[in-house]
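S.K.: Could you look at this predicted model? Sequence included:
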Amino acid sequence: MGRAEISYPVRKASKSSFLQCVSQSIPPTKWSRVTKANRLILQRDMLNLQSQLKAEAMGKLPKAFKSIFAAQVSVFADEARRLGNRLGFRRGKGMKAAEWSAEEIALGLTLLREASASAFTRDQSIINMARGNYQSLIDRAYARARFLLGEADGLLNPRLASRNQRLLNNLKKVQVSTRNMADFRIKKAFDDAQMFRLGVAWGEAVASVAKSVSDRIIIPSRLTTLGRTEGGRAVDEGIKEAAKRSDIVSHMSVVGCKAVEPNIPTYNGEPTCNIEDVPVEDVDLVEFHINHTGAWIASRFREQGI
C-alpha cells in the first residue's frame, strides 16, 4: 500500500480575510485611555492575524519541504550511481553472484556519504524555496500588526529582509539534520542488510538505501513539525519588528502554549512558553522550542501604564 497523502488546512491570509477578522474600529493611538476592553480587542485581533498567517504557512510549507526532500533523495541516488559507475564499482549482473569484500563495503559507504553531502548539505534549493515564503509571512505580519496598532507605514523597513536572512541562516540546521538522518540510514543499511554481504550490484544497493533515506526524512510528522516551526518563526519575526518599532507598546506576552515542556529555552531564567510582559526591547532574546504553538500579544502600553 502506498504512503497516504498529507493534507493541511489551507487558509489564504489575504487582505480581505484579515480585515474581516479585525474587530476594533479605533486603533490604540486614538484611544483616550487604554481600557481592559480595548486591550482585549487588540489582543484578539493580534491572535487572529497570527492564526491566519500560520494556517497559510501550514498549507504551503510542509508540501514545499516534501518536494525539496524528494528532489534531494533523487539527487542523492543519481550522484551515488554516477560515482560508482565512474569507478566501475560492482556493475553488471555478475555482481549478484559475488559477495561484498570488506574493501567494497568501505568504498560503498564512502561513495554514499559523498553523495549524501552533495544532495543534503551543499544543495541550496531549500534556501531558495524558503526565501520568498518566509519574506511574505514576515512582511504581512509586520504590516498588519502595524495596522492594528494604528501605526501603519507600509513595508519601508530594511530590517524585515535582515530578519528573513537570519531565518534562512537557521535553515542550515535543517540541512544538517537531514544529512545526519540520511547518513544514519546509510550506515544502518550496511550494518543490518544481509544483501550487502550476499552480494548485489551497485545500482540495486543505491536504490535500496535511497528508499530507506526517503522513508526517514519524508514523513508526515517531520513535515508538519517543520511547517509549524518555520512558519511560526517567520510570523514571529514580523510581529516582533512591529512591536519594537511601536511608539505605544511597551511589553509583549506569549499566550497559547499547550504546556511548558522540559529543557525549553528561557528568558531571564523563566521558560518562554506563555511568558508574560517581555519589554519590546528584549523580544529578540526570546526563543522557543521546536513545534512551538504560542503567539505574541501586546500586554502593556507606554504612558498609560497598563
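M.R.: Alright, I've got the coordinates.
S.K.: Can you show me the helices along this protein?
M.R.: Counting by DSSP state H, residue ranges of the helices within the chain are 15-21, 36-86, 102-120, 125-148, 159-170, 172-192, 195-198, 202-217, 220-245.
S.K.: could these be laid out in TSV, adding mean pLDDT?
M.R.: Formatted as TSV, the entries for the helices of the chain read as follows, by pLDDT from 0 to 100:
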stretch	mean pLDDT
helix 15-21	75
helix 36-86	94
helix 102-120	92
helix 125-148	94
helix 159-170	95
helix 172-192	93
helix 195-198	71
helix 202-217	94
helix 220-245	96
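S.K.: Throw the ones you listed into CSV and include mean neighbour count and distance to Trp296, thanks.
M.R.: Placement of C-beta: from N, CA and C, glycine included. As requested, the helices of the chain are arranged in CSV below (neighbours: other C-beta atoms under 10 Å; distance: least, C-beta to C-beta, whole Å):
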stretch, mean neighbour count, distance to Trp296
helix 15-21, 12, 16
helix 36-86, 19, 7
helix 102-120, 18, 33
helix 125-148, 21, 9
helix 159-170, 15, 14
helix 172-192, 17, 23
helix 195-198, 14, 52
helix 202-217, 20, 31
helix 220-245, 22, 5
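S.K.: So which residue is smack in the middle of the chain?
M.R.: Compute the mean C-alpha point of the chain, and by C-alpha atoms, centre = their mean the closest residue is Glu230, 2.6 Å away.
S.K.: So the residue lying closest to that residue once chain neighbours are set aside versus Leu171, what's the distance?
M.R.: Nearest residue to Glu230 in three dimensions, chain neighbours excluded: Leu61, at 5.9 Å (C-beta to C-beta, 6 or more residues apart in numbering). Applying C-beta to C-beta, to the nearest Å, the value for Leu61 to Leu171 is 12 Å.
S.K.: And for Phe76?
M.R.: Phe76 sits 18 Å away from Leu171, going by C-beta to C-beta.
S.K.: swap in Met181?
M.R.: Distance of Met181 to Leu171, given as C-beta to C-beta: 15 Å.
S.K.: what do you get for Arg159?
M.R.: In this view, Arg159 and Leu171 are 19 Å apart by C-beta to C-beta.
S.K.: Would you report the backbone torsion angles of Val286?
M.R.: With angles defined as degrees, to the nearest 10, Val286 shows backbone torsions of phi -90, psi 120.
S.K.: One more: Asn268?
M.R.: According to degrees, to the nearest 10, the main-chain angles of Asn268 amount to phi 50, psi 40.
S.K.: count of residues packed around it?
M.R.: Neighbours of Asn268 under the rule other C-beta atoms under 10 Å: 10.
S.K.: now Val260
M.R.: Counted by other C-beta under 10 Å, the residues lying close to Val260 total 13.
S.K.: Now do stretch 179-186: distance to the chain's middle.
M.R.: Relative to the mean C-alpha coordinate of its chain, stretch 179-186 is positioned 20 Å out (C-alpha atoms, centre = their mean, to the nearest Å).
S.K.: Likewise for stretch 56-75?
M.R.: With C-alpha atoms, centre = their mean as the basis, stretch 56-75 stands 11 Å off its chain's centre.
S.K.: send the alpha carbons of it over as PDB?
M.R.: Extracted as PDB, the C-alpha positions of stretch 56-75 are listed here (Å, rounded to 0.1, in the frame of the first residue of the first chain):
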ATOM      1  CA  GLU A  56      -1.500  29.600   5.500                       C
ATOM      2  CA  ALA A  57       2.100  28.600   6.200                       C
ATOM      3  CA  MET A  58       0.800  25.100   7.200                       C
ATOM      4  CA  GLY A  59      -0.900  24.900   3.800                       C
ATOM      5  CA  LYS A  60       2.300  25.700   1.900                       C
ATOM      6  CA  LEU A  61       5.500  24.900   3.800                       C
ATOM      7  CA  PRO A  62       5.100  21.100   4.600                       C
ATOM      8  CA  LYS A  63       4.300  20.400   0.900                       C
ATOM      9  CA  ALA A  64       7.200  22.600  -0.100                       C
ATOM     10  CA  PHE A  65       9.600  20.800   2.200                       C
ATOM     11  CA  LYS A  66       8.300  17.500   1.000                       C
ATOM     12  CA  SER A  67       9.000  18.400  -2.600                       C
ATOM     13  CA  ILE A  68      12.500  19.600  -1.800                       C
ATOM     14  CA  PHE A  69      13.400  16.500   0.200                       C
ATOM     15  CA  ALA A  70      12.100  14.200  -2.600                       C
ATOM     16  CA  ALA A  71      14.200  16.000  -5.100                       C
ATOM     17  CA  GLN A  72      17.200  15.800  -2.800                       C
ATOM     18  CA  VAL A  73      16.800  12.000  -2.500                       C
ATOM     19  CA  SER A  74      16.700  11.800  -6.300                       C
ATOM     20  CA  VAL A  75      19.900  13.800  -6.500                       C
END
